[in-house]
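# no sequence on this one, just coordinates:
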């Protein structure tokens, strides 16, 4: 494993990255990278990413915190400005990891294990953690729930339940704090089940 990965992926969880693939057509798209006991991605039938990796089992993993790049990738407007290992590279991004992609399950979704083979650029930026971001949103919501009229508080409680579920799945290192928040809400009479 490349040594800077511990900085790029500072804890177990699911990180949002921009994945560059080649095969049928160069593609750079947002995807959830699962960093637990190993590193995996889940790809869905019909996606260009899956079709590409099936033909050319390598990918460029672009690490960025810039939400506009994720939008451009999702909308098909993010293009590689250069090529390395036959893969599209977005030169505006400083941290790019090249990986070999090995299929470990076929289905909906298909799952691939990633083995890093090279680091391009300076990887000082952390990967975007959806769970970490939602945790901040959760903190804002719990400060407001007691201040809202009952109807609005019920709507906000549905959002809080969603946030708790996503945080527990994508940023398990926060589970201790999420459990404290859940217990506090339950002690006030809010139902989270």
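Received it, and whenever you're ready, just let me know what you need. Since the model is a prediction, treat every value here as computed from it, not as a measurement. Numbering: from 1, shown residues only.

# And the strands in this structure, which stretches?
Using DSSP state E, the strands found in the chain span residues 13-21, 27-35, 39-43, 58-63, 82-84, 87-89, 95-105, 110-121, 128-129.

# Domain parsing of the chain, as residue ranges.
According to automatic domain parsing, the chain comprises the domains 5-126, 129-187.

# Quick check: end-to-end length of stretch 78-89?
10 Å (CA to CA, to the nearest Å).

# Give the buried residues for that stretch.
By neighbour count on 16 or more other CB atoms under 10 Å, the buried set for stretch 78-89 is 78, 80, 85, 87-89. For the C-beta atoms, the positions are set from N, CA and C on the backbone; glycine is no exception.

# Could you work out the most separated pair of those residues?
78 and 85 (18.2 Å; CB to CB).

# how about the residue lying closest to residue 16 once chain neighbours are set aside, what does it touch?
Spatial nearest neighbour of residue 16, chain neighbours left out: residue 128 (4.4 Å); criterion: CB to CB, 6 or more residues apart in numbering. Residues near residue 128 by CB atoms under 8 Å, 6 or more residues apart in numbering: 15-17, 64-65, 70.

# go with 7 Å
Residue 128 sits next to 15-16, 65 when contact means CB atoms under 7 Å, 6 or more residues apart in numbering.

# any idea of the mean pLDDT in stretch 166-184?
Mean pLDDT, computed over stretch 166-184, is 95.

# Wait, residue 131 touches residue 172, no?
No. Contact between residue 131 and residue 172 fails when scored by CB atoms under 7 Å: they sit 8.1 Å apart.

# what bits of the chain have low per-residue confidence?
1-6 (pLDDT under 70).

# rewinding a little: can you put the domains of the chain in a markdown table and add distance to residue 193?
Conversion of the domains of the chain to a markdown table gives the following (distance: least, CB to CB, whole Å):
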| stretch | distance to residue 193 |
| --- | --- |
| domain 5-126 | 24 |
| domain 129-187 | 9 |
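
# Pick the most deeply packed of those.
domain 5-126 (a mean of 18; mean count of other CB atoms under 10 Å).

# hmm, back to that, any common contacting residues for residue 131 and residue 172?
Common neighbours of residue 131 and residue 172 (CB under 7 Å, 6+ apart) are residue 13.
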